[in-house]
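Student: just the structure for this:
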Amino acid sequence: MTTVNTKIFKDLQSINPSAIIELFVLTLNSKLHYQTWEANRNYTVGEIVGSTNSGIVFKCTTAGISGDNQPSAFNTASAGNTISDNTVTWTAQSVDIYRFHSGSNLNLSGKIRWDSNDYLRFPIQASGFAFQKGQIPRPKIVISNGGLNTVGSSIDNLSISGLLLSVNQITTGNDLTGATITRIRTLAKFLDAENFPQDSNGNHVNPLGTPDNTAEFPKEIYFVDRKSVENREIVEFELAAPTDLAGVRVPGRQATRSLFPSIGTFIQ
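Tutor: As a prediction, this is how the structure comes out:
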């Protein structure tokens, strides 16, 4: 039997084609959040080491003892490459990436698929992305401290505090500082067809519009600047733009007359 309340909830949960879908990507840092390679160490299968190769880490797939020097191939390897290191074999893979959405504006019980990636439903509140009087935003993001499933990672049902503990064992007091948070926004009408039920022919169809994984607002990329709150319910992070971090200046290199003689001169 259909009740008034049922109808109201159904209307509240229905999707407007122009509804903004907000997605988040948390990407760890290969230099900060993974153990450092060590010479002549006995590595076991499954151990992961970082490198200066941005976005790439190395997983031990054949146990053994590492060599005297870190393999030079670490600097140029791509995901999937295997590298010999004395008796150890390493396999290059991407850093751990966590993709999630708040789930508050979409009538889905679980994941959202966008641009061939799955974003899992997870309680999250983000604010402070707007520019105020020309100042660079310093957003805050509050994440539920429950289980967080990962995408492209071997870690399942990891709480945020558990993730903090993991990276703090590598870099004391890091608290995910330096991790990248990417905010992605699109409209419901552009979502992948896989997000919606099948039609009578067994095909997934977006009833709101035409799927287009290029139709999104400009990505907003920030770094975790510090953890501001952690308790049993939530963890709150303060974010900063790449140009708003301590020790960072724009431009990265100061031009002088020794490099560019015409600086400070005008030609009419």
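
Student: is it true that E194 lies in a helix?
Tutor: Yes. Using DSSP: H, G, I helix; E, B strand; the rest coil, the assignment for E194 is a helix.

Student: any idea how far the residue nearest to T186 when sequence neighbours are not counted lies from A63?
Tutor: Nearest non-adjacent residue to T186, counting by Cβ to Cβ, 6 or more residues apart in numbering: E216, 4.2 Å away. Where you see a C-beta, it was placed from the backbone N, CA and C, and this is true even at glycine. Separation of E216 from A63 (Cβ to Cβ, to the nearest Å): 43 Å.

Student: what pLDDT does the residue nearest to T186 get?
Tutor: Looking at E216, its pLDDT stands at 93.

Student: so it sits right up against L191, yeah?
Tutor: No. Using Cβ atoms under 8 Å, E216 is not in contact with L191; the gap is 10.6 Å.

Student: tell me the domain boundaries of this protein?
Tutor: As recorded under automatic domain parsing, the domains making up the chain are 16-28+97-243, 42-94.

Student: E238 bridge partners, please.
Tutor: K140, R226 (DSSP bridges).

Student: ok, it touching K140?
Tutor: Yes. Using Cβ under 8 Å, E238 is in contact with K140, at 5.6 Å.

Student: ok so, going back, neighbours of the residue nearest to T186, how many?
Tutor: The local packing of E216 (other Cβ atoms under 10 Å) involves 16 other residues.

Student: that's a strand at E38, yeah?
Tutor: No. Secondary structure assignment places E38 outside any strand; it is coil (three-state DSSP).

Student: distance of the nearest residue to it once chain neighbours are set aside from K31?
Tutor: Distances taken as Cβ to Cβ, 6+ apart place S66 nearest to E38, at 6.7 Å, with adjacent residues excluded. Per Cβ to Cβ, S66 is found 19 Å from K31.

Student: so which of these two has more stuff around it?
Tutor: S66 (21 against 16).

Student: what ranges do the helices span in the stretch 151-268 of the chain?
Tutor: 160-170 (DSSP state H, counting those that start in this stretch).

Student: just the strands in it please.
Tutor: 158-159, 180-187, 220-230, 234-240 (DSSP state E, counting those that start in this stretch).

Student: tell me what angle the third one forms with helix 160-170.
Tutor: Taking axes from the mean of the first three to the mean of the last three Cα atoms, to 10 degrees, strand 220-230 and helix 160-170 form an angle of 100 degrees between their directions.

Student: check which helices and strands strand 220-230 is in contact with.
Tutor: Strand 220-230 sits against helix 160-170, strand 180-187, strand 234-240, with contacts defined as 3 or more Cβ pairs under 8 Å, 6 or more residues apart in numbering; DSSP states H and E.

Student: worst average pLDDT in these?
Tutor: helix 160-170 - the lowest mean pLDDT of those, at a mean of 89.

Student: need the residues that contact that one.
Tutor: With Cβ atoms under 8 Å, 6 or more residues apart in numbering as the test, helix 160-170 has contacts from 28, 32-35, 143-145, 148, 155, 158, 174-176, 227, 230, 235.
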